[in-house]
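Student: Build me a model from this:
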Amino acid sequence: MNDALLPVESQRADAVLAYVEHVQDTQCVNCAVTLCGHLAVMNLLIGFKDAPRCLSCLSAALDRNRQELRDHLLAYINHQECYHAGWRWASGREGFDPNTLPACLWGSGEKAATTPPDGVGLPPSDTPRQLFANAEWDAGEMGCGDLVLELRARLQSINPGEVLKVTARDPGAPEDLPAWCRLTGHALALWRHPEYWIRRKER
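Tutor: Purely as a prediction, here's the structure:
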């Protein structure tokens, strides 16, 4: 592991690497396509840690365009060292230069969109009001893939349009939760770390 990483970031990177190593070469829960390590990183990031999918099935589950979702996930992965460590490891294992787009997800001559990472640089809400929450969840120090995995399940337990108030003390939450909401289509209605009000998408 990179000694330049902070201890917490190093622990996260180790957790990502362990997950990628465990999931690579398993099958998509929907269509049984064999998953590469890059897809393992994407599934962990988006909250499908317990039921990893191929890119087509993942984009269908999120009702997102396949290429757009892939490129947005890559932008976020490149911005977060813990996920990027898993991505580099997958590239090395699969024989790809870590500085190029892996052929397992990008076709010949295809390029990634040059959009900024979702949620990066988004300022905290300074709105003093609070939203009514239909449900609340204290996630404590939970972070990385475990936080979004549980968050996805919690949102599925409330009705579309309802609000879940999440208390997340993990230091990565101010970047992770806004980005996750943008990627999945849920609305981050209001936040001031460690409190986040997330409105479940309508469908």
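Student: those helices in the chain, which residues are they?
Tutor: Counting by DSSP state H, the chain has helices at residues 7-23, 37-46, 55-62, 66-79, 81-93, 144-156, 173-184.
Student: for the spatially most central residue of the chain, what are its contacts?
Tutor: Residue closest to the average C-alpha location in the chain (C-alpha atoms, centre = their mean): residue 45, at 2.5 Å. The contact partners of residue 45, by C-beta atoms under 8 Å, 6 or more residues apart in numbering, come to 73, 76, 77, 83, 145, 148, 180. Using the backbone N, CA and C atoms, a C-beta is placed for each residue, glycine as well.
Student: Which one (most neighbours) among the residues you listed?
Tutor: residue 73 (29 neighbours; other C-beta atoms under 10 Å).
Student: Could you find the closest non-adjacent residue to it?
Tutor: Nearest residue to residue 73 in three dimensions, chain neighbours excluded: residue 42, at 4.9 Å (C-beta to C-beta, 6 or more residues apart in numbering).
Student: In contact with that neighbour, which residues?
Tutor: Residue 42 touches 55, 58, 70, 73, 77, counting by C-beta under 8 Å, 6+ apart.
Student: Distance to residue 138 added to these, as TSV?
Tutor: TSV is the format used below for the contacts of residue 42 (distance: C-beta to C-beta, whole Å):
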residue	distance to residue 138
55	33
58	28
70	33
73	28
77	28
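Student: Out of these, which comes closest to residue 49?
Tutor: residue 58 (12.1 Å; C-beta to C-beta).
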